[in-house]
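K.L.:
When you get a sec, could you give me coordinates for this:
(2 chains)
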Amino acid sequence: MSGLFAAISSAIGWVLSIIDPFCGPLGVFTWLAGGSLLACGDTGWGDEIAQGFLVTASLAIATLPLGLAMGFFVALAKRSAEPQLRLAANIYTTIFRGLPELLTLFIVYYGLQILVQQALAAIGYEGPIEINTFAAGMIALGVVFSAYCSEVLQSAFQAIPRGQYEAGAALGLRPGQTMRKIILPQLVRIALPGLGNLWMALLKDTALVSVIGLSDILRQTGIAARVTKQAFEFFGIACLLFLVLALISSIVFAAIERRFNRSEVRR
Amino acid sequence: MSHVTTLIPPSPPPPAEARPYTLQRFLGSVTLGIWLALSVGLFLTIVNGWDPEKFARYGPNFLSGLGVTLTLVGSSIVLGALLSLPIAAARMSNNKFASWAAYIYIYLFRGTPLITQLFLIYYGFGSFRPELEALGLWWFFRDAWNCALFAFVLNTAAYQAEILRGAINSVPRGQHEGAAALGLSKRIAFYRIILPQAMIVALRPYGNEIILMIKGSAIVAIVTVFDLMGETRRAFSRTFDYQMYLWAAVLYLMMVEILRNLWNWLEQRLTRHLKR
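P.N.:
Purely as a prediction, here's the structure:
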């Protein structure tokens, strides 16, 4: 059985290496930068930077569902009839929208470290503890994203008339079903532009995790810049790669928006 | 024929229905309890770990860091506002070339993280040292504070140009036509009619931009500027006291909340003629 998994993973790896947009046979760096500092392999920084690109993209993509889910529940809490719940949700957004992302990252990173250390010390383990920087980055960025996301979703909720809920109740749907089948599809359509902006902000905020040592685009290009003393070129490439990410996301978002707005009347 | 012979005696209102104990209420109590516990914990750690010596040593540093942050943000917002005027004008002009150039500038600065722009300027311009020395500009780019200011001005100018453009475009066409019908010249119509209305629309985005700048300015700590974040990191690296970050968090939150409330008040005040 393990042989099968190994075979599958090696096959996936082979396919990925073929379609790798940076260092594959058709990759940008292979074609345009062979022999230069950006070459792939041991002679250049191409593969390291490609790795960083992958880390940045996967961090943003992994944070998105976490932040969206948390933001949705915080938005629900803000709309609740219960004043206590509303207050708690408002405190959450006030704190995490007001703190600089970098500070949130540090607080989560070092705070987690202290918490885990104390928890492990309580059960008798005394040793050095290393928090996974990817996880810390994911939590910090997810929390910030969810705080902004709850605001966007809350204003989208306000744009949906009460009649929609009443119609759902009149049809005999339970509250959960009303939410899933009637409210959510409209909510997504209304909130999509705002969520697109938040995604762009998230993408840019991922650059901060290089500070706590995750090897994303900025850290990899920074290392390359320090070693080769060609800072302008390498940080320029970092900017370009972020622009590529922004460009891809704007294309994807335009497609998603088209898809969700099919039902709108053309005027 | 029937008529009322007795009046219903006055009676107290029916008792208020007891609110059912719902899941939401439970969740609210729990989350509020968590916040309360956290704030009490924060208070206790501060009280327990209170060290007058540490406070005397790092308190003034924090204040000077706060000053650096406010100066940096204030000057970059003002200079960025000045720089955003020609960019917005170019973006809205009929000249295809100018419009495209401004669009590319805005896209470049809005599409990349501020921290990469800062690194590009601080570390990247360092590799052009001979050229910059020949131009006599090296003294400017040698200093991290200047580089941070330069990067922030360029960045916020792009955002502010977009805010300005959006606000001016949001003024309906009828206002232009009305001004023209009154025989006002284009210039006067712009300054007296279009701009005041646009500025009210732009007020909230400007406030958000300032808040974003305050939060974004924390990254200058990485390029050795000792703003609030930089002082915090320095104090933390010397004491390994987690409280330092919490202090910084409180200060940042206070700054942002004061600004937000000020802006809300300003908006209430400036739009009171639009209220019905």
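K.L.:
can you list the domains in chain A?
P.N.:
Per automatic domain parsing, the structural domains of chain A span A:63-214, A:215-260.
K.L.:
want to throw those domains into JSON lines with mean neighbour count, mean pLDDT and distance to chain B?
P.N.:
Where C-beta positions appear, they are placed from N, C-alpha and C, glycine not excepted. Output for those, formatted as JSON lines (neighbours: other CB atoms under 10 Å in any protein chain shown; pLDDT from 0 to 100; distance: least, CB to the nearest CB, whole Å):
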{"stretch": "domain A:63-214", "mean neighbour count": "18", "mean pLDDT": "89", "distance to chain B": "3"}
{"stretch": "domain A:215-260", "mean neighbour count": "18", "mean pLDDT": "88", "distance to chain B": "3"}
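K.L.:
For B:Gly166, which of the ones you listed is the nearest?
P.N.:
B:Gly166 sits nearest to domain A:63-214 of all the domains of chain A, at 13.0 Å, using CB to CB.
K.L.:
now the closest one, how far from the centre of its chain.
P.N.:
11 Å (CA atoms, centre = their mean, to the nearest Å).
K.L.:
Stretch B:174-191 too?
P.N.:
33 Å.
K.L.:
Pull out the buried residues from it.
P.N.:
If you call a residue buried by 16 or more other CB atoms under 10 Å in any protein chain shown, then stretch B:174-191 has these buried ones: B:176, B:179, B:184, B:189-190.
K.L.:
Could you restrict those residues to the ones contacting chain A?
P.N.:
The subset of the buried residues of stretch B:174-191 within reach of chain A, counting by CB under 8 Å from any CB of the partner chain, is empty.
K.L.:
From the residues you listed, pick the one nearest chain A.
P.N.:
B:His176 (23.9 Å; CB to the nearest CB).
K.L.:
just to confirm, which helix or strand has the closest one in it?
P.N.:
helix B:173-181 (DSSP states H and E).
K.L.:
Mind checking the pLDDT average for the next helix or strand after that helix?
P.N.:
Helices and strands here follow DSSP H and E; after helix B:173-181, the next one along the chain is helix B:186-189. For helix B:186-189, mean pLDDT rounds to 91.
K.L.:
for stretch B:83-98, same thing?
P.N.:
On average, stretch B:83-98 scores 92.
K.L.:
Quick one: residues in contact with it.
P.N.:
B:99, B:101-103, B:105-106, B:153-154, B:156-158, B:160-165, B:168-169 (CB atoms under 8 Å, 6 or more residues apart in numbering or on different chains).
K.L.:
which of the residues you listed count as buried?
P.N.:
For these, buried by 16+ other CB under 10 Å: B:102, B:105-106, B:153-154, B:156-158, B:160-165, B:168.
K.L.:
Make JSON lines out of the domains of chain A and add distance to A:Ile8.
P.N.:
Shown next, in JSON lines, are those (distance: least, CB to CB, whole Å):
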{"stretch": "domain A:63-214", "distance to A:Ile8": "24"}
{"stretch": "domain A:215-260", "distance to A:Ile8": "27"}
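K.L.:
Tell me which of those domains lies nearest to B:Tyr21.
P.N.:
Nearest of these (CB to CB): domain A:63-214, 10.5 Å.
K.L.:
Can you measure across that closest one, start residue to end residue?
P.N.:
For domain A:63-214, the first-to-last residue distance is 15 Å (CA to CA, to the nearest Å).
K.L.:
so where do the helices sit in the chain?
P.N.:
This is for chain A. For chain A, helices defined by DSSP state H occupy the ranges A:2-19, A:28-32, A:46-78, A:83-98, A:101-122, A:133-159, A:162-170, A:175-178, A:184-205, A:217-228, A:231-260.
K.L.:
Please refer instead to chain B.
P.N.:
B:23-48, B:52-92, B:96-111, B:114-119, B:129-135, B:138-142, B:144-170, B:173-181, B:186-189, B:195-216, B:228-239, B:243-270.
K.L.:
now the first one and helix B:243-270, what's the angle there?
P.N.:
Compare the direction of helix B:23-48 with that of helix B:243-270 by axes from the mean of the first three to the mean of the last three CA atoms, to 10 degrees and you get 120 degrees.
K.L.:
and helix B:23-48, what other elements does it pack with?
P.N.:
The helices and strands touching helix B:23-48, judged by 3 or more CB pairs under 8 Å, 6 or more residues apart in numbering or on different chains; DSSP states H and E, are helix A:46-78, helix A:83-98, helix B:243-270.
K.L.:
any idea of the mean pLDDT in the last one?
P.N.:
Yep, that's helix B:243-270 we're talking about. For helix B:243-270, the mean confidence score works out to 90.
K.L.:
can you pull the contacts of the closest residue to A:Ala77 other than its chain neighbours?
P.N.:
In space, and not counting its chain neighbours, A:Ala77 is closest to A:Ala89: 3.8 Å by CB to CB, 6 or more residues apart in numbering or on different chains. Contact analysis of A:Ala89 by CB under 8 Å, 6+ apart lists A:74-75, A:77-78, A:80, A:150, B:31.
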